[in-house]
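>>> Model the structure of this input:
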Amino acid sequence: MKYFVLLAIVVTVVAAVPVDVVEDEEGQQYYLVPVSREKRGTQWGLSGTGATVGHSGTIANSGGHRLDGGAYAGKNFGSHGARPDQVGGRLDYSHGSRTSAFASADHARHYGTDVNAGVRHNVYQNKNFGVDVTGQYGRHYGGPSGTGRASSGVGVVGHGTF
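Predicted structure coming up:
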């Protein structure tokens, strides 16, 4: 199931990227990739117990398709070694207001890794009511308690304004 979700996300992102081909006078072909400046943000924090740094921003935004991403790392001052104690990242994809998907992974040293993915698609929407189809997958790997059981689900969600 997790490979199917990952494959679906990858195929969606690849299909969403537009490709323009131009040819010069000598017959050489070039792929044109749109370039735009998107707001990116770096956050950092320092406290008495540790430090964190994270970066997030829009990776691609074209033709109604948007891909945002972020990553972070954290270090506790009481732990030994130079490696971060926590690292993680997340990708968010959206196509207009109808479809969205995400994939994330968070790793804490000595406690394991959490992997999550999900998708939502709006199948009906009017002024006061909407219906979404959702799916999710999550699993914990490693750590003191070992690899956990996968949690997954598919649902239909209705929402309205009364």
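>>> Can you tell me who the most centrally placed residue in the chain pairs with across the strands?
Centroid check for the chain by Cα atoms, centre = their mean gives L91 as the closest residue, at 1.5 Å. L91 forms beta bridges with G69, A103, as assigned by DSSP bridges.
>>> how close does it sit to G69?
According to Cβ to Cβ, to the nearest Å, L91 stands 5 Å off from G69. Where C-beta positions appear, they are placed from N, C-alpha and C, glycine not excepted.
>>> The residue nearest to the centre of the chain: what's it in contact with?
Counting by Cβ atoms under 8 Å, 6 or more residues apart in numbering, L91 makes contact with I9, I59, L67, D68, G69, F102, A103, S104.
>>> Swap in 7 Å and give it another go.
L67, G69, F102, A103 (Cβ atoms under 7 Å, 6 or more residues apart in numbering).
>>> my guess is the second one meets A60, correct?
Translated: G69. No. Applying Cβ atoms under 7 Å as the test, G69 and A60 come out as separate, 9.4 Å apart.
>>> picking up where we left off before, buried only: go through the contacts of L91 for me.
Buried members of the contacts of L91, scored by 16 or more other Cβ atoms under 10 Å, are L67, G69, F102, A103.
>>> want to throw these into a markdown table with pLDDT?
Putting the buried ones among the contacts of L91 into a markdown table (pLDDT from 0 to 100) gives the following:
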| residue | pLDDT |
| --- | --- |
| L67 | 92 |
| G69 | 94 |
| F102 | 96 |
| A103 | 96 |
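>>> Now tabulate these in CSV and tack on distance to G135.
As requested, those are arranged in CSV below (distance: Cβ to Cβ, whole Å):
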residue, distance to G135
L67, 19
G69, 21
F102, 11
A103, 12
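>>> from the residues you listed, which is closest to H80?
Nearest to H80 among those: G69, at 30.6 Å, using Cβ to Cβ.
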